[in-house]
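Novice: sequence first, predicted coordinates after that:
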Amino acid sequence: MQKNIGSVNGLYPMPVTIVGTQVDGRVNWINIAHVGIVAGDMMLSMGKRHHSNIGIRKNKTLSINLLDASMMIEADYVGLVSGNSTDKSEVFDYYKGQLEGAPLIKNAPLVMECEVIDVYETDLHEHFIVRSLNTYVEEDCLDTDGNIDFLKVNPLLFEMSKRRYLSLGDEVGMCWHEGKKMMQETSLR
């Protein structure tokens, strides 16, 4: 039997994203797990007081870096300290791709250079709508057809209710395929 536990957001876990930007000429990283997909583009919800927001607003660019569990300590650290008072530019080895103001983490299995296409503001947050212009993936995280294999990427995940990091489990089925079994079943009735 289901139990009502009140107004709780049950859409966790979410992928941990390390957002890279440049603020006043210095690379800055921040851990953002409040992300989503909006009509094929992406949204990052960030508190208005974050130092990274300055660079994002000025440059209209950022990077989104998915890390695996081997980089959990660094990922957690850049979410604990503010770029206002701490230089986080050397936490990760990084390189510059094609998009100015969007540093990319070298050892991350998947990184994206993104442009900001819109900003939606609420009282305490800025919600950046971004579009990936370039996606770079470690070759060993691609399948034989050249597509991203997220089981190989094994992105670090964030769960809010217990405030813990998780990793992916096993494949349990194929999208747009498993439901066909029910379609066949109902057509036989």
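Specialist: Ah, there it is.
Novice: pLDDT below threshold where in this structure?
Specialist: 185-189 (pLDDT under 70).
Novice: which stretches of it form strands?
Specialist: 14-15, 17-23, 26-32, 35-38, 41-47, 61-66, 94-95, 104-105, 110-121, 125-137, 157-159, 164-166 (DSSP state E).
Novice: by contact count, what packs against the fifth one?
Specialist: Other helices and strands packing on strand 41-47, by 3 or more C-beta pairs under 8 Å, 6 or more residues apart in numbering; DSSP states H and E, are strand 17-23, strand 26-32, strand 35-38, helix 52-59, strand 61-66, strand 125-137. Quick note: C-beta positions are derived from backbone N, CA and C, even for glycine.
Novice: the ones you listed: which one's closest to Met174?
Specialist: strand 35-38 (19.9 Å; C-beta to C-beta).
Novice: which residues are in contact with that closest one?
Specialist: With C-beta atoms under 8 Å, 6 or more residues apart in numbering as the test, strand 35-38 has contacts from Met14, Pro15, Thr17, Met42, Met43, Leu44, Ser45, Ile64, Ile129.
Novice: how distant is it from the center of its chain?
Specialist: 9 Å (C-alpha atoms, centre = their mean, to the nearest Å).
Novice: now swap in stretch 100-117 and tell me
Specialist: Centre-to-centre, stretch 100-117 and its host chain are 11 Å apart (C-alpha atoms, centre = their mean).
Novice: start to end distance for it?
Specialist: Start to finish, the residues bounding stretch 100-117 are 15 Å apart (C-alpha to C-alpha, to the nearest Å).
Novice: flag every buried residue along it.
Specialist: Across stretch 100-117, burial judged by 16 or more other C-beta atoms under 10 Å covers 101-105, 108-116.
Novice: closest one of those to Ser89?
Specialist: Each of the buried residues of stretch 100-117 was checked against Ser89 using C-beta to C-beta; the closest is Pro103, at 8.4 Å.
Novice: for that closest one, which residues are in contact?
Specialist: The neighbours of Pro103, taking C-beta under 8 Å, 6+ apart as the test, are Gly20, Thr21, Gln22, Val27, Ser63, Tyr94, Tyr95, Lys96.
Novice: thought the fifth one was touching Gln22?
Specialist: This points to Ser63. No - between Ser63 and Gln22 there is no contact under C-beta atoms under 8 Å: 9.9 Å.
Novice: so what sits against both of the two?
Specialist: Ala102, Pro103.
Novice: okay, now the nearest residue to Val23 once chain neighbours are set aside: neighbour count?
Specialist: Leaving aside its sequence neighbours, Val23 sits nearest to Gly55 (C-beta to C-beta, 6 or more residues apart in numbering; 3.8 Å). Gly55: 26 surrounding residues under other C-beta atoms under 10 Å.
Novice: how about the one 4 residues further on?
Specialist: By other C-beta under 10 Å, 17 other residues sit near Asn59.
Novice: and the gap between the closest residue to it other than its chain neighbours and Gly55?
Specialist: Among residues not flanking Asn59 along the chain, Gly101 sits closest, at 3.3 Å (C-beta to C-beta, 6+ apart). Plainly put, Gly101 is 6 Å away from Gly55 if you go by C-beta to C-beta, to the nearest Å.
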